[in-house]
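# 3D, please:
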Amino acid sequence: MRADATRNLERVLRTGARMLADDPSATIAAIAAEAGVDRRTVYRRFASREDLMAAVYGARYDAVEKAVEAARLREAPVAVALHRYVEGIIAVNRAWPVETSRMLREATIGERRRRLIDEVDAFVARATDEGLLRSDLPPGWVAAVLPSLMEHAAEHLSELSAAQAADVVVATLLRGVGTPQAR
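Next up is the predicted model:
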């Protein structure tokens with residue numbers, strides 16, 4: 001693909017992610033206009049709005065996979081890997097703010113999602129085995145709570161960098177929200 005075509009596609013996908021997060025009924029024409037490309041350019045690449053949405057979801061998952069890989073969940077020290085993972089996912093959530101419940105129903109994402117869930121579950125088990133996370137919590141608790149914390153941080157801590165927001169999420173996850181005297 002030519003460099004300008006690649007840039008146009010990236011702009012369309014990122015603009016689509018942002019606009020669809022704000023208005024799930026955004027049209028291809030509106031997304032094309034906001035991205036600064038002719039709508040025919042978008043229609044040549046995507047036969048339908050659903051195809052565009054699937055491409056946005058795919059691009060977001062590409063970014064998630066890169067963030068998980070960069071975190072080195074299997075080999076980095078657990079505290080370092082946790083922070084890298086949280087920081088990376090916050091950055092992805094900010095760059096690709098799609099409505100995730102719709103995305104998770106996308107058939108093309110299913111297998112990719114399963115691999116990532118398995119990777120994160122294995123990391124949580126490792127972090128528990130190595131003593132970073134409590135072992136007395138109900139199974140799946142950390143994996144259920146962490147995505148909400150990251151999503152909330154991405155959206156509501158916008159004044160902080162992804163690294164600073166990750167500091168808040170990791171501190172909340174590891175130490176909770178109670179005061180020292182309340183513990």
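# Tell me which residues touch residue 36, please.
Residue 36 makes contacts with residue 11, as judged by Cβ atoms under 8 Å, 6 or more residues apart in numbering. Using the backbone N, CA and C atoms, a C-beta is placed for each residue, glycine as well.
# Quickly note the distance from it to residue 112.
30 Å (Cβ to Cβ, to the nearest Å).
# So, low pLDDT: which residues of the chain?
1, 99-108, 179-183 (pLDDT under 70).
# how does it divide into domains?
With domains defined by automatic domain parsing, the chain comprises 1-46, 49-176.
# Just to check, residue 58 is in contact with residue 109?
Yes - using Cβ atoms under 8 Å, residue 58 is in contact with residue 109, at 7.4 Å.
# For the lengthiest helix in the chain, list every residue counted as buried.
Scanning the chain for the helix with the most residues, using DSSP state H, yields helix 49-71. Buried positions in helix 49-71, judged by neighbour count with 16 or more other Cβ atoms under 10 Å: 49, 52-61, 63-64, 67-68, 71.
# I'd like to know which of those residues is nearest to residue 126.
residue 71 (12.2 Å; Cβ to Cβ).
# Pretty sure the closest one sits against residue 85.
Yes - assessed by Cβ under 8 Å, residue 71 is found in contact with residue 85 at 3.8 Å.
# where exactly do the helices run in this protein?
So, for the chain - with DSSP H - the helices run 3-22, 28-35, 39-45, 49-71, 78-95, 100-104, 110-129, 141-156, 162-175.
# looking at these, which is buried most?
helix 78-95 (a mean of 20; mean count of other Cβ atoms under 10 Å).
# What is that helix packed up against?
Packing partners of helix 78-95 (3 or more Cβ pairs under 8 Å, 6 or more residues apart in numbering; DSSP states H and E): helix 49-71, helix 110-129, helix 141-156, helix 162-175.
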